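J.: any chance you could fold what I've pasted below:
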Amino acid sequence: MTPLPSIPHKKAHTLCATLLLALLCGSCQQESNKMPQPDSNSWVMRLSLQPSAGTAEGEAQAFEDGDQAGIFVVKRTGDSQPVLLPRGNYAHNVRLTYHGTWISDQPILWADDSAHADIYLYYPHVASMASPRHWEADIPTDQTTNGARRQADILAGSAIDIVPARDDIRIGVRHLMSRVVVKMKAGKGITGEQLGKAPLEVCLDNLATRVAVDIATATATTQGTARGDVRMGRTDSLTFTAYVAPQQVTGGRFITILYNGDRYTLSRTITLQAGTSHTATVTLNKIDGNMGVSVTGWNTDPTDYGGAAK
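T.: Reported below is the predicted structural model:
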């Protein structure tokens with residue numbers, strides 16, 4: 001990823017979540033469907049969120065105070081990997097809140113010190129979902145605020161076949177959405193200062209806005225027929241950013257720019273890929289309004305999407 005200083009994208013910081021874990025002897029065990037309570041033997045399991053191997057450097061989430069994530073824990077009873085269930089997992093959609101470190105709504109405790117487990121984490125947290133294997137989420141169409149963009153930037157990751165330990169357990173998290181950045185550039189007959197102060201609005205046109213997320217596999221696909229224009233957030237005077245569902249744009253209108261009451265549109269064929277940032281540099285010429293667009297990404301995208309807007 002090529003960082004843009006004014007964009008609130010993810011920074012490579014190590015972030016830790018703490019969940020209480022108790023190592024309880026057989027005489028202290030309760031009914032299997034009840035989680036034991038902490039006692040003097042309780043100790044802390046630390047979850048460290050890291051960029052996953054499949055994403056570019058510097059993508060760990062720069063979380064803000066009050067951000068909320070969700071966690072699922074599935075106990076293992078043998079060598080085979082258990083299924084993440086629609087409901088009734090050992091820990092099911094427990095909310096974590098970030099206050100410098102992660103704090104869970106309830107302690108998550110093991111019954112013994114040899115139990116293996118799979119841990120799944122996603123962001124942002126939602127109170128309820130039909131199934132973590134098919135979570136239907138709506139991508140905000142108005143992303144003019146930082147909060148809306150953070151809600152649109154869905155993350156997921158997992159740690160598989162772990163045992164209780166005092167060391168940090170690393171969970172690789174990845175972006176499931178595609179990031180689009182439009183950078184305005186002054187061309188003929190206009191200065192950057194004039195462009196930066198002008199009434200300016202940028203939209204991504206007619207995109208699928210509903211996704212089905214599989215938290216177990218950290219993947220998202222478009223769902224249903226819902227489509228809309230996504231208003232991008234102005235993250236500095238000449239830069240606009242939005243997070244959208246991975247999808248194929250097949251030659252239709254892609255970007256609309258409103259400048260001083262005039263409308264400019266750009267049509268393109270482009271594949272918006274998960275975990276990839278597509279940066280379109282748009283040069284606006286005051287004389288004829290022509291715009292040239294090129295796109296690069298966090299992951300290498302050699303295609304030149306340049307052309308004139310009408």
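
J.: test my guess that residue 226 contacts residue 212.
T.: No. With contact defined as Cβ atoms under 8 Å, residue 226 does not reach residue 212; the gap is 11.9 Å. Backbone N, C-alpha and C define where each C-beta goes, glycine included.

J.: more neighbours: the two, which one.
T.: Applying other Cβ atoms under 10 Å to residue 226 and residue 212 shows that residue 212 carries more neighbours, namely 17 against 14.

J.: quick one: the strands in the stretch 151-300 of the chain, in order.
T.: Listed in chain order, the strands found in the stretch 151-300 of the chain under DSSP state E, counting those that start in this stretch are 155-162, 169-175, 178-186, 200-208, 210-214, 219-222, 227-231, 233-236, 239-244, 247-259, 262-272, 277-284, 295-296.

J.: ok, the residue nearest to residue 268 when sequence neighbours are not counted to residue 202 distance?
T.: Once flanking residues are discounted, residue 268 sits nearest to residue 254: 4.3 Å by Cβ to Cβ, 6 or more residues apart in numbering. Distance of residue 254 to residue 202, given as Cβ to Cβ, to the nearest Å: 11 Å.

J.: same deal with residue 194?
T.: Applying Cβ to Cβ to residue 194 and residue 202 gives a distance of 17 Å.

J.: quick one: which of those two has more around it?
T.: Neighbours per residue, other Cβ under 10 Å: of residue 194 and residue 202, the larger number sits with residue 202, 24 against 12.

J.: please enumerate the helices of the stretch 1-150 of the chain.
T.: With DSSP state H, counting those that start in this stretch as the criterion, the stretch 1-150 of the chain has helices at 146-152.

J.: quick one: low-confidence parts of it?
T.: Scanning the stretch 1-150 of the chain for pLDDT under 70 picks out the ranges 1-62, 110-112.

J.: same thing but at 50, please
T.: Scanning the stretch 1-150 of the chain for pLDDT under 50 picks out 1-34, 40, 42-43, 53-60.

J.: would you map the strands across it?
T.: Using DSSP E, counting those that start in this stretch, strands in the stretch 1-150 of the chain cover 15-21, 43-51, 68-75, 91-98, 102-104, 117-123, 135-138.

J.: residues in contact with the third one?
T.: For strand 68-75, the external contacting residues (Cβ atoms under 8 Å, 6 or more residues apart in numbering) are 17, 19, 47, 82-85, 89-98, 102, 104, 108, 115-126, 132, 155, 215.

J.: between it and strand 169-175, how many degrees?
T.: Inter-element angle recorded for strand 68-75 and strand 169-175: 130 degrees (by axes from the mean of the first three to the mean of the last three Cα atoms, to 10 degrees).

J.: tell me how many other residues crowd the residue nearest to residue 268.
T.: The burial count assigned to residue 254 is 23, neighbours taken as other Cβ under 10 Å.

J.: could you pull up the residues touching it?
T.: Applying Cβ under 8 Å, 6+ apart to residue 254 gives the contacts 204, 205, 266, 267, 268, 270.

J.: number of residues surrounding the fourth one?
T.: Residue 267 is flanked by 14 other residues according to other Cβ under 10 Å.

J.: could you find the closest non-adjacent residue to it?
T.: Per Cβ to Cβ, 6+ apart, closest to residue 267 is residue 253, 5.2 Å.

J.: for the one you found, give me its contacts.
T.: For residue 253, the contact set (Cβ under 8 Å, 6+ apart) comprises 205, 206, 265, 266, 267.

J.: those residues: which two are farthest apart?
T.: 206 and 266 (12.8 Å; Cβ to Cβ).

J.: which one's more surrounded, those two?
T.: Counted by other Cβ under 10 Å, residue 206 and residue 266 do not tie: residue 266 has more neighbours, with 22 against 15.
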